[in-house]
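Colleague: need the 3D shape of this:
(one chain, ligands or ions: 1)
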Amino acid sequence: MNGPLLKVENLTKHYPLGSGIFKKSIPVIRAVEDVSFSVEAGETLCIVGESGCGKSTVARLLMRLVEPTAGRVLIDGTDIAGLKKDALHAWRRRMQMVFQDPYSSLNPRLTAAQIITEPVENFERLGRNQRQALAADLLRKVGMSPEMTHRLPSELSGGQRQRLGIARALSLNPSLIIADEAVSALDVSVQAQILNLLLDLQQQMGIAFVFISHDLGVVEHIGHRVAVMYLGRIVELAPCEALFAKPVHPYTEALLAAAPVPDPTRIRLQVPVDGEMPSPINPPNGCAFHPRCPLAVERCRIEVPPLVPMADGRIVACHVRAPATELSAPPIANRALAQIDSIS
Ligand SMILES: Nc1ncnc2c1ncn2[C@@H]1O[C@H](COP(=O)(O)OP(=O)(O)OP(=O)(O)O)[C@@H](O)[C@H]1O
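Modeller: Residues are numbered from 1 along each chain as shown. So this is what the prediction gives:
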C-alpha cells in the first residue's frame, strides 16, 4: 500500500459549553484546531505540548472515541468516518490504545489472561486453553512471566500493569498504537524499561506509534518525528533530531529551555516564556502564542500563521521565524504535509 498508514486532515474538535436554544450563541472550547499530520508504517510520531493543548483530544479523535467537529482521519487512505459496521470492526483491530494510568484502565476484577485476551474475544470466542496460551505468549512478548496469567491487576507493580496494558494492545496484532502519556505515571527506571520494550516491539512487529507525552526526554528517546501543539494547533512538526538540535518556533524553543537537560554538554536554550496558556474558550487573535512570545510583531496579533515547510523537512507556523513567502506559503496545511510526506 502506497501512502501513509495514518493521515489526519484538518482535524478540529470544539466542545460546546452547556446547551442553548440558539446553537450559534453557545461558547465552545476549541480543544483541537485544524490539525493535520501523517504517520508511516513503523514510525513513531510524538505529540508534545503543555497540559490542555489538546493532545488527548487528538488521541480520542483518532480512536473515534469522540466525533470531530471537522476534518478527517484516514487509515490506508480510507476515511474512518465513512466506514460501515463490518469495516469499522475490522479497522478497530488495526488501531489500539495504551493509556496513562495502567491501574484505572484495567478491570480490577479480571485476571491478566482475561484482560489481555478481551479485545480478541470481542471478535472470536476463545476456549480456556486457547485463552491461556494466547495470554502466556503475549506476556512473554512484553517481558513478563507466563505464570502471571492468573494474577489480578492489584497483585502487579505499576510497570507490570503497564506491560499488561501493552500486551492487551498487542493482542489484535495492530498496525498502530496510540499511547497517551503511557509512561508518565511510572518511575524513571521503569519508564526506560517500558520505552525500550516499545522500541523492541516496533522493530520486531513494525508497529507505528502516535506517542503523546509532555516529557521531552521521553520524546527524544522514542520519536522519529515530533509535533509540538499549542492551544489546539500544531506549531512545529519536525524530525526528532532536527527539533532537539535546533527548535525553530519560539514556543518549541521555550519548551526545550524549560526541560531538564540530561546531557550537561548540551547548551540550554534561553527563551523565557511568561504567563499561562490562554483559555481555549476565547483564544487570542492571530498567533495564539503571541501574548507570551518574546519575538511577536504586529502581524502575529492579527493573522494566524500558516504551517510553512522549511528546507530541512520541518513545518513551522511562525510569522517571524518561518515567514510565508510567495513560493513557500501553502494555502492550507495539507500542502506542507504533502511536502513532508515526500521528504520522509
Ligand atoms: N469532554 C470534554 N468536554 C469539554 N472540554 C474538554 C473535554 N475534553 C477536553 N476538554 C478541554 O479541551 C482542552 C484540551 O484538553 P486535552 O485533554 O485534549 O489536553 P491535553 O493536552 O491532553 O492535556 P493533559 O496533558 O492535561 O491531558 C482543555 O481545555 C480541556 O479542558
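Colleague: which pLDDT value goes with the residue of the stretch 201-344 of the chain with the smallest separation from the ligand?
Modeller: Going by C-beta to the nearest ligand atom, the ligand is nearest to Pro280 of the stretch 201-344 of the chain, at 4.6 Å. For every residue, glycine as well, the C-beta is placed using N, CA and C. Pro280 carries a pLDDT score of 92 in this model.
Colleague: now Val273
Modeller: Per the predicted model, pLDDT is 65 at Val273.
Colleague: next, count neighbours for Glu147.
Modeller: 10 (other C-beta atoms under 10 Å).
Colleague: give the helix, strand or coil label for it.
Modeller: helix (DSSP: H, G, I helix; E, B strand; the rest coil).
Colleague: who's the closest spatial neighbour of Asn10, skipping the chain neighbours?
Modeller: Spatial nearest neighbour of Asn10, excluding adjacent residues (C-beta to C-beta, 6 or more residues apart in numbering): Gly71 at 4.2 Å.
Colleague: what lies in contact with the helix or strand harbouring that neighbour?
Modeller: Assessed by DSSP states H and E, Gly71 sits inside strand 70-75. For strand 70-75, the external contacting residues (C-beta atoms under 8 Å, 6 or more residues apart in numbering) are 5-12, 34-36, 61-62, 64, 79-81, 91, 94-95, 176.
Colleague: let's see it at 6 Å
Modeller: 7-12, 62, 79-80, 91 (C-beta atoms under 6 Å, 6 or more residues apart in numbering).
Colleague: hang on, the earlier thing: for Gly223, see how far away the residue of the stretch 201-344 of the chain closest to the ligand is.
Modeller: 25 Å (C-beta to C-beta, to the nearest Å).
Colleague: of the two, which one has the most company?
Modeller: Comparing Pro280 with Gly223 by other C-beta under 10 Å, the one with more neighbours is Gly223, at 25 against 21.
Colleague: that one and Leu237: what is the separation?
Modeller: Counting by C-beta to C-beta, the gap from Gly223 to Leu237 is 11 Å.
Colleague: where does the spatially most central residue of the chain land on pLDDT?
Modeller: With distances taken as C-alpha atoms, centre = their mean, the residue of the chain nearest its centroid is Ile212 (3.8 Å). Ile212 is assigned a pLDDT of 95 by the prediction.
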